[in-house]
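Undergrad: Provided below are the primary sequence and the corresponding predicted coordinates.
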Amino acid sequence: MRLEIPIVSLFCGCGGMDYGLKQKGFVPIVAIDNSEIAIKTYNENNVPHVAVKSDISKLSGKKIISMIDGLGNGIKPRGIVGGPPCQPFSISNVYHNPEDPRNFLPLKFASIMKAVSKKYKLDFFVFENVVGLNSKKHANVFESIKKSFIDAGFNLFIGELNAKYFGVAQSRKRLFVVGINKDLYPNIEFKFPKGNKDCIHTVRDVIGGLPEPIFFSRSLSAGDIPFHQNHWTMNPKSPKFSNNLDNENSANGRSFRKLHWDKPSNTLAFGHREINVHPNGHRRISMFEAMRIQGFPDNYKIVGNLTQQVYQVSDALPPNVALAIGESIRKAIYLPQMRISKKLINWYKENHRDYPWRNTNDPYSILIAEKLLQQTAAIDKLVEVYNRIINTYPTPWLLAHADISDLEDIIQPLGLRYRAKELRALANGLITRHNGEVPRDLKKLIELPGIGEYAARAVLSLAFGEDMPIVDTNISRFLYRIFGLEGPLPSNPARKKALNELAGKIIPKGRARKFNLALLDLCAKICKPNKPQCLECPVQMHCAYYRGHNN
Ligand code: SF4
């Protein structure tokens, strides 16, 4: 089963980037753009109702967080993606105005991303723009953008990709900054996809053989256009169309660039009147042809009038490029996580420890076991004590009314007689606050007498099967080792939010119980405090500690 990765998409436009990312399991939960018509296109082709119109320059990180929380489904984003409008940094923009408000949108992206990451501990972000931003002319601006990404807690990877190497019949270079959360993944080296330089698609490959489009008229609606509702174009009124426009570099000027059948298209970046001329020279290309050149699938439909369609198509990121970036992110972050989980669970099948509290789903029994396991190393004696307690007091009501000296006698082998009173208080808490039931709620569990964060999480995961991470000192050591985290181990790891989040990220969906037990057993048998048995470890090849000691 493929892991789905929730993302937030800023400046989503008509959805080229998100469509590509979606093919690799990145699912937008909130998408925002300033163009109403682009939002309409997005919602009709991507995830329905996800995109909303809003002016991002006026939004705060707090507002985006409230939009995410307002969904009410508890899903937290793991990444943010977006390509702020890039005209200010475009090489072809000779009238650069330092006061252009669009100059500040990349910094806006960074500030929103920082706030959202602070709240949800994002794994990554993807920032896309024109390559001009990486030029000498904009060096200062780009430096300040990078600085704000670093301040937000990310290691940066910068690359320029040309769409023509990714199965797109268009030479279109884009700049990407991919950020990987440096607290969570300090050792991940993100590698940009290389694409395939030996397989270049031409204009003929993608629009050759198409029927002639319909010419624009005001009365036309989508339903009137045969073949595909975007297969329409401007009327070829200029005499130039009958004057043998012979190639794409002719002196016809920027407004009459003719495509070449046997080459990829130049970058589709149309002003309203600058749609490329068809390779046969008799008209401009249709919107559908432009969509094919961008690599949109044929079932994609761009809505709006002709001018609106022109802007949406030419502003889009070719989906295939986004798909390749998504694949690289999966390889860098999620594939190792999935492999770690899978290997741990497989190892557990053959190597698990067997205890009576692991053979039940009864929340009361598991709660009692977790209470007894607190600060107890004598596990054999604990099995005996656990069995006697559960057999003598099989319900919270019986335990709450236990004779204290009888209970102390049962606990005696552990040498912790005071625990008798604690157990009775715990049972009393269940009776008085929860009608004798174990609550399925982290806060309510923690409020029970003598139950800390770790035990509460363990009950939710082991008794109720919730995808809840558990982090004790041993598991925190494992996380530090495998992900190469630096610094001393925390004194109370169960309460360390970042560690719980990190452990949560490697839990395979719906399998927390098995996964958490596997982690506990691996830490007890293999990843020991002083001498980890790395050579016997099933996740050795993913482990930063092992690599550091064997290179
Ligand atoms: S390889 Fe060694 S340090 Fe890494 S998780 Fe396994 S036992 Fe622990």
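TA: Sure thing, it's come through.
Undergrad: separation between residue 135 and the ligand?
TA: Separation of residue 135 from the ligand (C-beta to the nearest ligand atom, to the nearest Å): 44 Å. In this view, the C-beta of every residue, glycine as well, is placed from N, C-alpha and C.
Undergrad: what about that residue, how many neighbours?
TA: Counted with other C-beta atoms under 10 Å, the neighbours of residue 135 add up to 13.
Undergrad: how near is it to residue 525?
TA: The span separating residue 135 from residue 525 equals 56 Å under the rule C-beta to C-beta, to the nearest Å.
Undergrad: Where do the domain boundaries of the chain fall?
TA: When the chain is parsed with automatic domain parsing, its domains come out as 5-196, 338-550.
Undergrad: what about the closest residue to residue 170 other than its chain neighbours, how many neighbours?
TA: Leaving aside its sequence neighbours, residue 170 sits nearest to residue 265 (C-beta to C-beta, 6 or more residues apart in numbering; 4.4 Å). When neighbours are counted by other C-beta under 10 Å, residue 265 registers 29.
Undergrad: Report the contact partners of residue 265.
TA: 169, 170, 171, 203, 259, 276, 293 (C-beta atoms under 8 Å, 6 or more residues apart in numbering).
Undergrad: repeat that with 10 Å
TA: With C-beta atoms under 10 Å, 6 or more residues apart in numbering as the criterion, the residues that contact residue 265 are 163-164, 168-172, 201-203, 206-207, 248, 257, 259, 276, 279, 285, 289-290, 292-294.
Undergrad: Next, it: phi, psi?
TA: The main-chain torsion angles of residue 265 are listed as degrees, to the nearest 10 and equal phi -70, psi 160.
Undergrad: any idea how far it is from the ligand?
TA: When C-beta to the nearest ligand atom is the yardstick, residue 265 and the ligand sit 50 Å from each other.
Undergrad: helix/strand/coil for whatever residue of the stretch 201-350 of the chain ends up closest to the ligand?
TA: Residue nearest to the ligand within the stretch 201-350 of the chain (C-beta to the nearest ligand atom): residue 340, separated by 9.0 Å. Judged by DSSP: H, G, I helix; E, B strand; the rest coil, the three-state class of residue 340 is helix.
Undergrad: is it true that it touches residue 481?
TA: No. Under the criterion of C-beta atoms under 10 Å, residue 340 lies out of contact with residue 481, with a separation of 11.9 Å.
Undergrad: which residues do the two both contact?
TA: Counting by C-beta under 10 Å, 6+ apart, the residues touching both residue 340 and residue 481 are 539, 543.
Undergrad: that older thread, of the contacts of residue 265, keep whichever come out buried.
TA: The neighbour count (16 or more other C-beta atoms under 10 Å) marks 163-164, 168-170, 172, 201-203, 206-207, 248, 257, 259, 276, 279, 285, 289-290, 292-294 as buried among the contacts of residue 265.
Undergrad: Mind checking which of those land in helices?
TA: With helices taken from DSSP state H, the overlap with these comprises 203, 206, 207, 289, 290, 292, 293, 294.
Undergrad: buried ones in stretch 416-430?
TA: Neighbour count says stretch 416-430 has 416, 419, 420, 422, 423, 424, 426, 427, 428, 429, 430 buried, by 16+ other C-beta under 10 Å.
Undergrad: Now the last one: which helix or strand?
TA: Okay, so that is residue 430. For residue 430, the element it lies in under DSSP states H and E is helix 419-434.
Undergrad: average pLDDT for that helix?
TA: Over the span of helix 419-434, the pLDDT mean works out to 96.
Undergrad: How about the contacts made by residue 182?
TA: Taking C-beta under 10 Å, 6+ apart as the criterion, residue 182 is in contact with 150, 152, 153, 154, 155, 156, 188.
Undergrad: which ones are touching the last one?
TA: In other words, residue 188. For residue 188, the residues meeting the contact criterion (C-beta under 10 Å, 6+ apart) are 123-124, 155, 157, 180-182, 329, 332-333, 336, 483-484, 544.
Undergrad: ok, back up a step: next, check the contacts of residue 182 against the strands and list the overlap.
TA: Residues of these located in strands (DSSP state E): 154, 155, 156.
Undergrad: Within reach of the ligand, which of those are there?
TA: The subset of these lying close to the ligand, counting by C-beta under 6 Å from any ligand atom, is empty.
Undergrad: Give me the residue ranges of the stretch 151-300 of the chain where confidence is low.
TA: Confidence mapping of the stretch 151-300 of the chain against pLDDT under 70 gives the ranges 243-254, 270-273.
Undergrad: those helices in the stretch 351-500 of the chain, which residues are they?
TA: Counting by DSSP state H, counting those that start in this stretch, residue ranges of the helices within the stretch 351-500 of the chain are 363-373, 379-392, 396-400, 404-411, 419-434, 442-446, 453-462, 473-483, 497-505.
Undergrad: what's the least confident stretch among those helices?
TA: Per-segment confidence across the helices of the stretch 351-500 of the chain bottoms out at helix 497-505, which has a mean of 84 in mean pLDDT.
Undergrad: Contacts only, for the residue in the stretch 1-150 of the chain that the ligand sits nearest to.
TA: Proximity to the ligand, evaluated over the stretch 1-150 of the chain using C-beta to the nearest ligand atom, is greatest for residue 123 at 20.6 Å. Residues near residue 123 by C-beta under 10 Å, 6+ apart: 5, 7, 77-80, 117, 154, 179-181, 184-185, 188, 329, 332-334, 337, 501, 505.
Undergrad: Nearest residue to it in space, please, no chain neighbours.
TA: In space, and not counting its chain neighbours, residue 123 is closest to residue 78: 4.7 Å by C-beta to C-beta, 6+ apart.
Undergrad: Please tell me how far that neighbour sits from residue 333.
TA: For residue 78, the distance to residue 333 equals 9 Å [C-beta to C-beta].
Undergrad: who touches both of the two?
TA: Counting by C-beta under 10 Å, 6+ apart, the shared contacts of residue 78 and residue 333 are 5, 123, 124, 181, 505.
Undergrad: Up against the ligand, what does the stretch 401-550 of the chain have?
TA: Counting by C-beta under 6 Å from any ligand atom, the stretch 401-550 of the chain comes close to the ligand at 478, 481-482, 526-527, 532-534, 537, 539-540, 543, 545-546.
Undergrad: same thing but at 5 Å, please
TA: 481, 482, 526, 527, 532, 534, 537, 540, 543, 545, 546 (C-beta under 5 Å from any ligand atom).
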